[in-house]
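In: what follows is a predicted structure for the sequence shown.
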Amino acid sequence: MKKTLLAVIAILRLLPVAAGEADSLQRHFAVTDFSVNFLREGPDFPEELGNQLLMGTPVEIVGREGYWRQVVSPDPYTAWCVEMGLVEMSREEMASYIAAPKYIVTAEYSHVFSGPSEKAERVSDLVAGDLLRSVEGKKAKKGFVEVMMPSGTVGYVRKRDMEDFGKWAATRKATPESIVQTAMQFLGVPYQWGGTSVKGVDCSGFTRMVWFMNGVLLPRNASQQARAGEQIPYQGRGADTVDRDTILEFTDSLRPGDLIFFGKGDSASHVGIYIGDGQFIHASQKVRISSLVPGEKDFYELSYRLLWGCRVIGEEDRGSGVASMLKSRAYFPQE
């Protein structure tokens, strides 16, 4: 709850403030400009990777050391990234940025080119979920759309790789079918501690990205996600082995798209997405499908650490940590 409150406070700070506020409060905000911005636990490259942020994500800058910036993201998460991965802004600039029309990248991978051709110079790579501003009055040329990166750099992206962000968000609906379909698109993506993109995901980064691409925001970490939505108890919790009848009773209570959590005691440290028939998809060494049921193919060897499930589909904006992207101040202006 404390982390959620801090996130709300950080996002609220993105709104315009009264004229005359101290200049020192200006340009303490930024938007990520890399396709995937790598956030580390300290201001140095050997430090542990803690998170990734997609292009177009707004952050608050809370610390500076050399060319490193400590930022708070909407996840919420506090970590360090290099200054070249950010475009620093004032409160007013940030508010204008959030209100500007944008595209969202829906292809797994794409590129910004200097001209409307794949033979033109590459300006940046792109991944699913990246946001780029649209250039007013510009129509598609030869299958390419003119866009503007957060830095103001103008380029071209294949039209088929993007959708209008506002229209896209308004038509997203997290359903069992859409969640499972999106999750399957990540199969084979390697596990990366701190990863939240198709370039590499950890367990909770995987689940968060699946919901993000369905217009829903989940908390960043497994321990936070485990407190979201409606909890589904598991009667075999705490046992040293998995009893087949007990696990089948538990899977009977699950629906595709439910989150399932593993760990010790009351502490969740791993999360996956239930897909039906006793199986779930998760990031463990790579994104793969495993079974909770002993004796079944691909039985997950750590199923004895199963804690409980959570139903988060349909729980958006009910105060349980699951939020609609359309109602997030980090992505759309709110009245």
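Out: Structure received.
In: so which helix or strand takes in the most centrally placed residue in the chain?
Out: The centroid of the chain falls nearest to Met209 when counting by CA atoms, centre = their mean (4.1 Å). Element membership for Met209 (DSSP states H and E) is helix 203-212.
In: show me what that helix is packed up against.
Out: helix 176-184, strand 196-197, helix 222-225, strand 267-276, strand 279-284 (3 or more CB pairs under 8 Å, 6 or more residues apart in numbering; DSSP states H and E). C-betas here are computed from N, CA, C, even on glycine.
In: please tell me how far Lys297 sits from Lys102.
Out: 43 Å (CB to CB, to the nearest Å).
In: grab the nearest non-local neighbour of the residue nearest to the centre of the chain.
Out: Leaving out its chain neighbours, the residue that sits closest to Met209 by CB to CB, 6 or more residues apart in numbering is Thr196, at 5.6 Å.
In: the stretch 51-200 of the chain: helices as residue ranges?
Out: 91-99, 165-171, 176-184 (DSSP state H, counting those that start in this stretch).
In: now tabulate the ones you listed in TSV and tack on mean neighbour count and distance to Ser324.
Out: Formatted as TSV, the helices of the stretch 51-200 of the chain follow (neighbours: other CB atoms under 10 Å; distance: least, CB to CB, whole Å):
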stretch	mean neighbour count	distance to Ser324
helix 91-99	17	16
helix 165-171	15	8
helix 176-184	18	14
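In: mind checking which of the ones you listed is nearest Glu108?
Out: helix 176-184 (11.1 Å; CB to CB).
In: can I get the closest one in PDB, CA atoms only?
Out: C-alpha atoms of helix 176-184 as PDB (Å, rounded to 0.1, in the frame of the first residue of the first chain):
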ATOM      1  CA  PRO A 176      -9.200 -14.800 -20.600                       C
ATOM      2  CA  GLU A 177      -8.800 -15.300 -24.300                       C
ATOM      3  CA  SER A 178      -6.900 -12.000 -24.900                       C
ATOM      4  CA  ILE A 179      -4.600 -12.600 -21.900                       C
ATOM      5  CA  VAL A 180      -3.700 -16.100 -22.900                       C
ATOM      6  CA  GLN A 181      -3.200 -15.100 -26.600                       C
ATOM      7  CA  THR A 182      -0.900 -12.300 -25.600                       C
ATOM      8  CA  ALA A 183       1.100 -14.500 -23.200                       C
ATOM      9  CA  MET A 184       1.700 -17.100 -25.900                       C
END
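In: tell me the domain boundaries of the protein?
Out: Domains of the chain are assigned by automatic domain parsing as 2-94, 100-170, 176-324.
In: closest one to Ala330 among those domains?
Out: domain 2-94 (4.0 Å).
In: looking at that closest one now, give me its mean pLDDT.
Out: Summarised as a single mean, pLDDT over domain 2-94 is 81.
In: buried ones in stretch 119-134?
Out: Neighbour counts using 16 or more other CB atoms under 10 Å place 123-124, 126-134 of stretch 119-134 among the buried residues.
In: where does pLDDT dip in the chain?
Out: For the chain, the stretches with pLDDT under 70 are 1-27.
In: contacts only, for Phe144.
Out: 113, 116-117, 156-159 (CB atoms under 8 Å, 6 or more residues apart in numbering).
In: what about 10 Å?
Out: Applying CB atoms under 10 Å, 6 or more residues apart in numbering, we find Phe144 in contact with 113, 115-118, 120, 155-161.
In: please apply the same query to Asp130.
Out: If you count contacts by CB under 10 Å, 6+ apart, Asp130 has them with 32, 34-36, 54-57, 102-107, 110, 112, 124, 149-150, 157, 161-162, 197.
In: and if we set it to 8 Å?
Out: Here Asp130 is in contact with 35, 54-56, 104-105 (CB under 8 Å, 6+ apart).
In: take the residues you listed and keep only those in strands.
Out: 54, 104-105 (DSSP state E).
In: can you flag the buried ones in those?
Out: Buried among these (16+ other CB under 10 Å): 54, 104-105.
In: so which strand or helix has Asp317?
Out: Judged by DSSP H and E, Asp317 forms part of no helix or strand.
In: and Gly309, by the same measure?
Out: strand 306-311.
In: let me know the closest of the buried residues of stretch 119-134 to Pro46.
Out: Nearest to Pro46 among those: Val127, at 24.5 Å, using CB to CB.
In: residue contacts, the closest one?
Out: So Val127 contacts 35-36, 54, 105, 108-110, 197-199 (CB under 8 Å, 6+ apart).
In: is it in a bridge, and if so with what?
Out: According to DSSP bridges, the residues that bridge with Val127 are Tyr109.
In: that one and Gly215, how far apart?
Out: For Val127, the distance to Gly215 - CB to CB - is 17 Å.
In: how about Glu335?
Out: In terms of CB to CB, Glu335 sits 19 Å off from Gly215.
In: which one of the two is surrounded by more residues?
Out: Remark: of Glu335 and Gly215, Gly215 carries more neighbours, 21 against 2, as counted by other CB atoms under 10 Å.
In: what's near enough to touch that one?
Out: Applying CB under 8 Å, 6+ apart, the residues near Gly215 are 168-169, 172-174, 324-326.
In: just the closest of those to Phe261, please.
Out: Ala174 (18.3 Å).
In: contacting residues for that closest one?
Out: Contacts of Ala174 (CB under 8 Å, 6+ apart): 211, 214-216, 257, 312-314, 316.
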